[in-house]
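# show me how the following folds:
(chains A, B and C)
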Amino acid sequence: MCVALPGEVIEVKGHTAIVDFSGNRVKAEAGLAEIVPGDRVLVHAGCIIQKLDNSEADIMEDLFREIEELNG
Amino acid sequence: MDKSQVLDFLRNYDGPEVRIMEICGSHTAAIAKSGIRSVLSPKIRMISGPGCPVCVTVTAYIDKLIDLAMYPGNIVVTFGDLIRVPGSVRSMAEAKADGAHIEMVYSPLDMLPMAEKDPDHIYIFAAVGFETTTPVYSMLLLNAEEKGLKNVKLLTSLKTMPEVVNWVSSGKVTGSDGREHPAVDGYIAPGHVCAVSGYRIFEETAEKFSVPFVASNFEATEILMAIYALIKLRGRGVVRNLYGNAVTREGNITAQERVDRFFVQGDCTWRGIGKIAGSAMYLRPEYEHFDVGSRGLDTDYETKGCHCAKIITGEEDSTACPLYRKVCTPENPKGACMVSQEGACFNRFVSGD
Amino acid sequence: MKITMAHGSGGDSTSKLISGVFAKYFSNEYLDKFGDSSVVPGAAKIAMTTDSFVVKPVFFPGGDIGRLSVCGTVNDLLMSGAVPKYLTAGFILEEGLEVSDLEKIVESLQKTAEEAGVQIVTGDTKVVEKGTAESGLIINTSGVGIVPEGIEFGTDKLQTGDKIIVSGNMGDHHAAILGSRLGIENDIKSDAAPLTEMVSRLLESGIKIRAMRDVTRGGLGTVLNEFAESSEKEIRVEEELIPVSPAVRDFCGILGLDVLYMGNEGKMIVVVAPEDEDKAYEIIRGSKYGENAVCIGEVMGESDSPALVLRTEIGGLRKVGPLYGEGLPRIC
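Numbering: from 1, shown residues only, chains lettered A, B, ... in the order given. Model prediction:
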């Protein structure tokens, strides 16, 4: 039930943000996450449900190392 | 291990049969769309779980929406997903043709300006969904309160994941070796439910049944990674996260607080499954004025012969249902799993399995 | 000035509307006679088609209902190998419609007809009460085209190894209309266009065309399913080769729509013999509205259960059915 797409915040006005998805600009409710223009966010049904973390922590690599150790 | 090695592993896997469930309907749709089944060894079985809200909504809920929409002072507002779901007599689309007042929107918040401009009508949102969508309804109510709108209401059918996953995990199936096996050996955890609620919500089930969960996004290659990890983690009660930029162990705390303010946990009936304790969210008594009768909608008239229930719990494959393809098709769906674009049967049908 | 019921009375108001709006733009040797019917030169084999146009809003990014009414009918004629010649135009106007809006639409219709090389040879106007035609007006156009000797293609003529070329990006029209209805701001424009130049150059080139079809409502998925069914062969398409702009791709992502079922009004599929692939591709790319043309797949062997099969980005194979239901936006 959960179609949500990552987009970029381009404007914040009070409770509302304008989020850009490759040139599609959608008004989204911004009351569930602290955001500023430039943030990447997940939008679901017209509402920002989470801010995306920009840190490039490689969780894939961590998990694969764990698996290798398990099976090693 | 790089991506092509993972793909080779999954193609050539020849270990004991493994049953992987994607809980979320968006994963079901993504798996069908990317042809994942066709690249997996026959020893890896993908099962579509109960995470499509349309598929698990009882007919009493649809009937109630239609009753409300036929009443002259009401307007029922809904997502497109629900409009074709059969109730016990007819769907909302059919009721609309008979004059029911039904409007379709993309966001629940789109209902605010509608209600504001037209104070003489009651605007009722068909609030279906899981943990991902419940915070959106909280924001609708918060805005309605702020604007002092008295004509914004909800008919809720809000469900939560951990309880139903717990229920599925307790099931057993007979494997091709004739022995009893757990119904599911590993879960692809729903990415956006985890983004909101945190992956910690599955830790209890993981430990209790010694079954692994891996949270994933909705890209085909990431889903393949999750399947690989689940096979390797088989038998271990752990929850791991491959959706690092959106999912944390705790989730979105603000969203959880907003939900907690308006909603409280309760029991509800799942289509074809029955009652599961603590698996629903209802408006709190102090916010009951927003509710138009969401409690006690338990009646479910299932079409005779429909195996939806067995299919969404992984007990049976769509192709085992006597109605599948013969009388139940996307053009003339008998069960909810064929109506929804996220449904197990719809996706099996259109991808030609 | 607004349209009133009197404009449909058949009396003076009707005449004034016809001379002031329709005749002003639609003028040619056949129509100017104002006869009960027009007598036009013909040929041994003619193609005929009709289509009604209901679209909300009537003005949308990249076009309007007038342009659409020509493109839809002209492209249908072209796909059967006909040279489009004459159109009829029937207008059902809703009481209250602004005459200035009607004039803009009529002007656009005439301009598109000129571009497509067709003449409007007869027409009709009716006025209906307010609330009857939600979008303000409905247009019907019928078209007649002349079929040259030696045209022998059709969806049942596909042969194993034939190449499938699409003339450009998928989904622009659908996304432009739906975006303006849902208030999603973007720069996506409808692709509504007459494909006369592209098709006549293909026909003149002498290449072996097996089948042509415009990709309208129902999208690529629905059209290629029809190809598979009538040829009794499998159609194999590479998902990654299907042309779609990033804006339309994300538009579909937001609303949970599938690019394969997005409608167009100025795109076609042409299936050609393998040896003619490069030539066909060059002709389309060199024609107006064909700059993004690409070969997306080929016709496979005979099949007991003919189908459209997509090879996905991970190398998976997936059968694609036709569009079911209305293709509604979803959040689930």
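
# name the nearest residue to C:Glu185, ignoring sequence neighbours.
Once flanking residues are discounted, C:Glu185 sits nearest to A:Arg25: 4.2 Å by CB to CB, 6 or more residues apart in numbering or on different chains. All C-beta atoms are positioned from the backbone trio N, CA, C, and that covers glycine.

# from A:Ala33, how far out is the one you found?
To A:Ala33, A:Arg25 is 18 Å away according to CB to CB, to the nearest Å.

# if we can go back for a sec, surely the residue nearest to C:Glu185 is within a strand?
Yes. Counting by DSSP: H, G, I helix; E, B strand; the rest coil, A:Arg25 is located in a strand.

# that one and A:Ile10 touch, don't they?
Yes. With contact defined as CB atoms under 8 Å, A:Arg25 counts as touching A:Ile10 (7.1 Å).

# burial count for the residue nearest to C:Glu185?
As a burial measure, A:Arg25 scores 18 neighbours (other CB atoms under 10 Å in any protein chain shown).

# from B:Ser41, how far out is it?
A:Arg25 is 44 Å from B:Ser41, by CB to CB.

# now the helices: where do they sit in chain A?
For chain A, applying DSSP state H gives helices covering A:59-71.

# how many residues are close by the residue in chain B that chain A sits nearest to?
Going by CB to the nearest CB, chain A is nearest to B:Ser107 of chain B, at 2.4 Å. B:Ser107 has 22 neighbours, counted by other CB under 10 Å.

# might one say that it is in contact with A:Ile48?
No. If you go by CB under 8 Å, B:Ser107 and A:Ile48 don't touch, sitting 11.4 Å apart.

# secondary structure class for the residue of chain B positioned farthest from its centre?
Distance from the C-alpha centroid of chain B peaks at B:Asp120, with 34.1 Å (CA atoms, centre = their mean). At B:Asp120 the chain is in coil, as set by three-state DSSP.

# with adjacent residues omitted, what lies nearest to it?
B:Gly73 is the one closest to B:Asp120 (CB to CB, 6+ apart), at 7.6 Å.

# with C:Glu275 instead?
Nearest one to C:Glu275, counting by CB to CB, 6+ apart, is C:Lys208 at 7.8 Å.

# and the gap between that neighbour and chain B?
Separation of C:Lys208 from chain B (CB to the nearest CB, to the nearest Å): 30 Å.

# tell me the spacing between that residue and C:Val166.
C:Lys208 is 18 Å from C:Val166, by CB to CB.

# more crowded one of the two?
The neighbour count for C:Lys208 versus C:Val166, taken as other CB under 10 Å, is higher for C:Val166 (27 against 17).

# ok, back up a step: excluding its backbone neighbours, what's nearest the residue of chain B closest to chain A?
Counting by CB to CB, 6+ apart, the residue nearest B:Ser107 is A:Gly46, at 2.4 Å.

# mind listing what that neighbour touches?
A:Val26, A:Lys27, A:Ala28, A:Glu29, B:Tyr106, B:Ser107, B:Pro108, B:Leu109, B:Asp110, B:Val136 (CB atoms under 8 Å, 6 or more residues apart in numbering or on different chains).

# could you redo the last one with a cut-off of 7 Å?
A:Ala28, A:Glu29, B:Tyr106, B:Ser107, B:Leu109, B:Asp110 (CB atoms under 7 Å, 6 or more residues apart in numbering or on different chains).

# do C:Pro322 as well
C:Gly218, C:Gly221, C:Thr222, C:Asn225.

# excluding its backbone neighbours, what's nearest the last one?
Yep, that's C:Asn225 we're talking about. C:Pro322 (4.5 Å).

# in the sheet, which residues pair with the residue nearest to C:Glu185? Tell me.
Beta-bridge partners of A:Arg25, counted by DSSP bridges, are A:Asp20, C:Glu185.

# my read: B:Arg84 touches B:Ala93, true?
Yes. The pair B:Arg84 and B:Ala93 qualifies as a contact (CB atoms under 7 Å) at a distance of 5.3 Å.

# what parts of the stretch 51-200 of chain C come near chain B?
C:Leu182 (CB under 7 Å from any CB of the partner chain).

# tell me how many other residues crowd C:Glu302.
Neighbours around C:Glu302, by other CB under 10 Å: 10.

# please, where are all the helices along the stretch 101-250 of chain B?
B:111-117, B:134-146, B:161-169, B:191-197, B:203-209, B:220-232 (DSSP state H, counting those that start in this stretch).

# most packed of these?
Of all the helices of the stretch 101-250 of chain B, helix B:191-197 has the most neighbours on average by mean count of other CB atoms under 10 Å in any protein chain shown, namely a mean of 29.

# check which helices and strands that one is in contact with.
Contact here means 3 or more CB pairs under 7 Å, 6 or more residues apart in numbering or on different chains; DSSP states H and E; on that basis helix B:191-197 packs against strand A:40-44, strand A:47-51.

# ok so, going back, so which of the helices of the stretch 101-250 of chain B comes closest to C:Gly10?
Closest to C:Gly10 of the helices of the stretch 101-250 of chain B is helix B:111-117 (CB to CB; 39.8 Å).

# which residues sit against that closest one?
B:Val77, B:Val105, B:Tyr123, B:Phe125, B:Leu140, B:Asn143, B:Ala144, B:Lys147, B:Leu149, B:Asn151, B:Val152.

# residue of the stretch 151-300 of chain C closest to chain B, please.
Counting by CB to the nearest CB, the stretch 151-300 of chain C gets nearest to chain B through C:Leu182 (5.7 Å).

# run a quick neighbour tally on that residue.
Around C:Leu182 there are 17 residues (other CB under 10 Å).

# that older thread, reformat the contacts of helix B:111-117 as JSON lines; add pLDDT and distance to B:Arg37.
Compiled in JSON lines, those are given as follows (pLDDT from 0 to 100; distance: CB to CB, whole Å):
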{"residue": "B:Val77", "pLDDT": "97", "distance to B:Arg37": "36"}
{"residue": "B:Val105", "pLDDT": "89", "distance to B:Arg37": "34"}
{"residue": "B:Tyr123", "pLDDT": "98", "distance to B:Arg37": "42"}
{"residue": "B:Phe125", "pLDDT": "98", "distance to B:Arg37": "36"}
{"residue": "B:Leu140", "pLDDT": "97", "distance to B:Arg37": "38"}
{"residue": "B:Asn143", "pLDDT": "96", "distance to B:Arg37": "42"}
{"residue": "B:Ala144", "pLDDT": "97", "distance to B:Arg37": "44"}
{"residue": "B:Lys147", "pLDDT": "95", "distance to B:Arg37": "48"}
{"residue": "B:Leu149", "pLDDT": "96", "distance to B:Arg37": "47"}
{"residue": "B:Asn151", "pLDDT": "97", "distance to B:Arg37": "47"}
{"residue": "B:Val152", "pLDDT": "97", "distance to B:Arg37": "43"}
